[in-house]
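Asker: Have a look at this prediction, sequence included:
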Amino acid sequence: MIIKIHTKFRPSSYLLEGKNGNFYIDCQLDPIDYFFENQQFLFLIDTNLSKDHTSIIYRKLDQITTLNATEVSNIFHDNYFMIAIDKEESKIHLLRDVSGVKTGYFSQTEDSIIVGSVMHKVAKKRGQVSYNKEAIGQLIYSNYLLNGFTIYKEVEEVKMGHFLSFDNEFKIIASQKEMIKLSEKDNDLSEKENFKRLRTETQKAHKGYLCNDNQVFLSGGLDSIAMLVALDDLETCKNLNSISFKVKDTTQDETVYAQSIAQYLKINNRIIEVDPEESENVQHFEEQILRMNNPYFGMWIFGNFQGAPNQMFYAGQDTRLHTPALNEVDKIAFKLLNQKDAKWVKYIARPIANNIRIVMEKLGLHKKPGMIAGNLYKMTHLFELKTYLKKFYLKLDKEKMGKKGIPTDYYDQFEKHFDFDLNKIKTPRALYNKLVELKWQEQYVYDMRYLQDIARNNNTYIAMPFYNKELAEFSSSIPFNIATKAMIGQSRFGKTLRIVYKYVLRHAFRDKLNDLVFYRAKAVSETLHQLFNGAMGSTVRKLLMQDLKRSDSFIRLFKLEEYTQQFLSKRTFGMGDVDLLSRVYYIATLTVYHKHIFKAKVKKGSFSQLKKALLFA
């Protein structure tokens, strides 16, 4: 959706009469959006409830006389971005769900407010915009854009859980905030009781999305499989199917596992194979990029389906609250929480570990491939806990970023968003939950944006049940020693014995899992290099070279020539190039926005004058 609300009469605008003044509305809705007007409010809503729910939604909206975030959340199963215009008070309200699954953007001018589902459409509707340099830095450093940020100074994202109110002069007059309350301690349930409760809460999280046509994105990994089982558990789920994606000629084919569990549960599974050499897949590259808040490269694989407003698709991205992403070295770090200031740590362990680290770095041992060298290097940081968590869990490393050839002008600002006070955290579970809270504002919301972009572009809905508020709050209380428990399983793409995690999730759904998926280690099919060796790589290369030829080059503007050249100097890529390729991909997408949204025009003056205009307009 894209909406402009103003107070000046225009014949083509929708007139909304109010006691304290009129609003004129220009709007363009997507097929999946909802539009409803009762006596008090005009509602425009982006949600994750299919059109099967229309009559129920409208009946509930018709009863609203006072706007309340909890009531709105109950109507839309915690997934919504809402514009509510109060006709009585001549006020505009913007509400976003507490999990951040749905999102919305706004820009204020002297005589209007522009609101939309896509930041680039809001920017284009506004007209002249300038870069948010800190946000550009976030995207270049991490491949993520944090909660509340856009790449434009003049366009803001409504932060997750926020309820903003504007007067008839489009000024913010009130701001409220709700948060998911993650636990600070372990619950008192037994291991088996936690399994049972997780299964129940997962079923409840899925139930609210049910419609007459339910389609699960089944990767073959445990999270999407748990989602399939939870839906299969529900008696009211009458039409359940699954879709799996495969990149042609991949050596890491997950569809074997997807088909295995689908056959085991007697659920239809359709495989969509994507050929990275097929140029048709990226022929509308720039058009697609302009329609996405997060133009994640996975869209060129997982966006290859057709949906409809009466369908619901389900994606298994999860919070990691019930499946903590910790290996055995990480678990030692968390156990040291209450020992971090002990004398043996300060005067014995820390100095010894520091000396070992210095030797490893001088000999280059920390760069050696393999788990043994990597984990040994991690262990040398264990006794400086905050440094360890920032470097290895939050992936913050200014020095490393500089060595890659990336300017670090805004890195300190970026890093401040991930600060936390270890002295206020008392338990390993509370520490882990704090890290999840920080990742939620970064990686999690960016994953959500990308999947909701794909849904919108396919005229359908994608539910993400693991981000459900109640499920997240329970999962955050599962005893940490149970949640991080390991067991003997099998390798990602084979049957070699190895340690596997996600212990609670495996046992919560054990009765409907075959051995092939129950024992399988967490896996991600690495195919980015294949996309770059194919048509997408050619498209990205062309965009970068076109930008470098422009007098107002984005790449030169942000001093990324050296880094970009690392890509342009190569022609073929492997799995080890994923860091370079993912970052170069986002640089290429930024050149698209630079070309189409900023459209810098210079009649006279130098490049330095243009640079100043773009950055500080």
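Answerer: Great, that's in hand. Numbering: from 1, shown residues only.

Asker: residues in contact with stretch 317-335?
Answerer: 182, 198, 222-223, 375, 378-379, 382, 385, 388-389, 392-393, 428, 431-433, 436, 439-440, 444, 447-448, 451, 464, 466-467, 472, 475-476, 478, 480, 483-484, 486, 499, 501-502, 504-505 (C-beta atoms under 8 Å, 6 or more residues apart in numbering). Yep, even glycine has a C-beta here, placed from its N, CA and C like the rest.

Asker: show me where the stretch 201-350 of the chain has strands.
Answerer: Secondary structure of the stretch 201-350 of the chain, counting by DSSP state E, counting those that start in this stretch: strands at 214-217, 240-247, 269-274, 312-314.

Asker: and the ones you listed as CSV, adding distance to residue 545 and mean neighbour count?
Answerer: As requested, these are arranged in CSV below (distance: least, C-beta to C-beta, whole Å; neighbours: other C-beta atoms under 10 Å):
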stretch, distance to residue 545, mean neighbour count
strand 214-217, 35, 24
strand 240-247, 25, 21
strand 269-274, 25, 16
strand 312-314, 36, 25
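
Asker: Please tabulate those in TSV, including the columns distance to residue 88 and mean pLDDT.
Answerer: Listed next are these as TSV, based on distance: least, C-beta to C-beta, whole Å; pLDDT from 0 to 100:
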stretch	distance to residue 88	mean pLDDT
strand 214-217	40	98
strand 240-247	44	97
strand 269-274	50	97
strand 312-314	35	98
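
Asker: So which of the ones you listed is nearest residue 598?
Answerer: strand 269-274 (31.7 Å; C-beta to C-beta).

Asker: which other helices and strands contact the closest one?
Answerer: Secondary-structure packing of strand 269-274 (3 or more C-beta pairs under 8 Å, 6 or more residues apart in numbering; DSSP states H and E): strand 240-247, helix 255-265.

Asker: Okay, strands next: where are they in the stretch 401-550 of the chain?
Answerer: Here the stretch 401-550 of the chain has its strands, by DSSP E, counting those that start in this stretch, at 462-463, 487-490, 497-500.

Asker: Go through the strands of the stretch 201-350 of the chain and name the closest to residue 575.
Answerer: Residue 575 lies closest to strand 240-247 among the strands of the stretch 201-350 of the chain, at 12.5 Å (C-beta to C-beta).

Asker: Okay, now the sheet partners of the closest one, with direction.
Answerer: Its sheet considered, strand 240-247 pairs with strand 214-217 (parallel), strand 269-274 (parallel) by DSSP bridges.

Asker: Among the ones you listed, which comes closest to residue 228?
Answerer: strand 214-217 (4.9 Å).

Asker: now the closest one, how far from the chain's geometric center?
Answerer: How far strand 214-217 lies from its chain's middle: 19 Å, per C-alpha atoms, centre = their mean, to the nearest Å.

Asker: Tabulate the helices and strands packed on strand 269-274 (TSV), appending distance to residue 35.
Answerer: Below are the helices and strands packed on strand 269-274 laid out as TSV (distance: least, C-beta to C-beta, whole Å):
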stretch	distance to residue 35
strand 240-247	30
helix 255-265	37
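
Asker: so which of the ones you listed comes closest to residue 588?
Answerer: From those, taking C-beta to C-beta, the stretch that ends up closest is strand 240-247, at 19.6 Å.

Asker: Just tell me which of the helices and strands packed on strand 269-274 ends up closest to residue 276.
Answerer: Between the helices and strands packed on strand 269-274, strand 240-247 lies closest to residue 276; by C-beta to C-beta that is 6.2 Å.

Asker: that older thread, of the contacts of stretch 317-335, which qualify as buried by neighbour count?
Answerer: By neighbour count, with 16 or more other C-beta atoms under 10 Å, those hold 182, 198, 222-223, 378-379, 382, 385, 388-389, 392-393, 428, 431-433, 436, 439-440, 444, 447-448, 451, 464, 466-467, 472, 475-476, 478, 480, 483-484, 501-502, 504-505 as buried.

Asker: So which of the residues you listed belong to helices?
Answerer: Members of the buried ones among the contacts of stretch 317-335 lying in helices (criterion: DSSP state H): 198, 222-223, 378-379, 385, 388, 428, 431-433, 436, 439, 447-448, 451, 472, 475, 480, 483, 504-505.
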